[in-house]
Every structure is written in C-alpha cells, then in structure tokens.
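Trainee: no sequence for this one, just the structure:
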C-alpha cells in the first residue's frame, strides 16, 4: 500500500517564526514531490514542487527532499497569519512520471499574531 | 486561462437520487482527475483520465459511481443512487502530460445527501 504520512497537527507557531512541515513516503520509486496549501473551504493550491535531492527555495518557502530517507519537508520563513491553512504533501505513485499523485492527509498550520 | 471549472458548487439531494457533477479542465491539459475529500479519509483519488481515456478507476468506491469524459473539455462524475455516506467535497483536477504531474484543482462541489 503506497502511503504518504504527515503529522495532522495542529502545528502552532508565532508570527515571524519558521514553520517546519514534514512528510514521509513509502514508495521508493516516486520521482516528483509537491506541497499544496488548502485554506478552509477552498481547493488545494500548488505552492511548491521538487524533483531532486536538496533544497528548493521560492520566496519564503523552502522545500527539502531526501530520497534516501524518503522524506520531504516544507519550511515557511517569517510565518504570517495568512499562512494558516492545511498543507498537503503529494508524491507520484510508482512509475508515475506522468499520472496520479498520492496525497497525505495534511498538516494544519496555525500562525498566531 | 479560467482554471478548472466545476459545477454545481453545492448540491443537496435526498438519498436514492441521481447526482451528476461536472468538470471542465484547463485547456490543453491531457490528464483529468476526480477526487473526494472527507475529514476522515482526506483526499482520495477516484478515477483519472488521460486523453479522455480512463486509466485507473480503482478508487471508485462501488458501482454506484461512474465517470465519463466524452471530449477533452468535459467530464462528469455520476452517483446513482446516492447515499448519505457519499456526502463529501468532490474535486476535479487537471495536469499537462509534461511538467512533473503538477495538478491544478477546481473549486470543488460540496455534496450533501440527506
């Protein structure tokens, strides 16, 4: 059974702090990794993608990938109350260089002013 | 581009009724996905299409669910007969063949079966 595991939270951080969200996956064949943000009552919105080991930075967001440990993380620097949402980790299924993703259940982040 | 379009946005129906959800993917996208999201089970893939052909329907919960994609710009998800346990938010998403599987989601349909 292919799985993507995330801590459901809630993760609570003060405004201006770094929020660290983690995700592990079971399928060693996965090639592509994504972070989606979902506000309450809204649809998931893609915020980061990462395909190779290491770090990828985009503004206040940094995605980190370690394929050997089957671990992907998302760091949010200078967290803002507007970052409060559920963050979904998604991973390609085996052989899925095209095709479907497996989603974790998400980590709920709360940024306190 | 307008993004993925879904209709209706909200649907309230009674048990036993037929429900049809509609989706228009982003123009030029080759893949279309139907998901269901609940608090208990999270985001579940129901079925996905590539170039209008169903590729994997193993997530469709039972025969009451069916999906079609008659052309590149339109897909339907039908539930007949509907049951209260089908109450959920149903999302449609689409992606390009290339681009590493980046999927773009529609606004969803919130279905309530009484």
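Mentor: Yes, it's here. Given the structure is predicted, the values throughout are model-derived calculations rather than measurements. Numbering: from 1, shown residues only, chains lettered A, B, ... in the order given.
Trainee: Excluding residues flanking it in the chain, which one is nearest residue B:34?
Mentor: In space, residue B:34 comes closest to residue B:46 once its chain neighbours are excluded; the distance is 4.4 Å by Cβ to Cβ, 6 or more residues apart in numbering or on different chains. To be clear about C-beta, it is placed using only N, CA and C from the backbone, and glycine gets the same treatment.
Trainee: Check residue B:111 too.
Mentor: Spatial nearest neighbour of residue B:111, chain neighbours left out: residue B:11 (5.0 Å); criterion: Cβ to Cβ, 6+ apart.
Trainee: which parts of chain A sit against chain B?
Mentor: In this structure, chain A approaches chain B at residues A:31-32, A:34, A:42-46, A:49, A:51, A:88, A:90, A:92, A:96-106, judged by Cβ under 8 Å from any Cβ of the partner chain.
Trainee: which residues does the residue nearest to residue B:111 contact?
Mentor: B:19, B:21, B:109, B:110, B:111, B:112 (Cβ atoms under 8 Å, 6 or more residues apart in numbering or on different chains).
Trainee: residue contacts, residue 71?
Mentor: All of this is about chain A. In this structure, residue A:71 makes contact with A:22, A:23, A:24, A:25, A:65, judged by Cβ under 8 Å, 6+ apart.
Trainee: switch to chain B, that's the one I care about
Mentor: In this structure, residue B:71 makes contact with residue B:52, judged by Cβ under 8 Å, 6+ apart.
Trainee: and it, what pLDDT?
Mentor: In this model, residue B:71 is scored at 95, pLDDT.
Trainee: Then residue A:92?
Mentor: pLDDT, residue A:92: 84.
Trainee: Determine the number of other residues adjacent to the closest residue to it other than its chain neighbours.
Mentor: Distances taken as Cβ to Cβ, 6+ apart place residue A:32 nearest to residue A:92, at 4.6 Å, with adjacent residues excluded. Counted with other Cβ atoms under 10 Å in any protein chain shown, residues neighbouring residue A:32 total 20.
Trainee: re earlier: now, of the contacts of residue B:11, which are buried?
Mentor: B:19, B:21, B:109, B:110, B:111 (16 or more other Cβ atoms under 10 Å in any protein chain shown).
Trainee: how far away is residue A:30 from chain B?
Mentor: When distances are taken as Cβ to the nearest Cβ, to the nearest Å, residue A:30 and chain B turn out to be 10 Å apart.
Trainee: What is the neighbour count of that residue?
Mentor: Number of residues near residue A:30 (other Cβ under 10 Å) recorded here: 23.
Trainee: got it, and residue A:36?
Mentor: Residue A:36: 24 neighbours (other Cβ under 10 Å).
Trainee: Repeat that for residue B:87.
Mentor: Taking other Cβ under 10 Å as the criterion, the count of residues near residue B:87 is 16.
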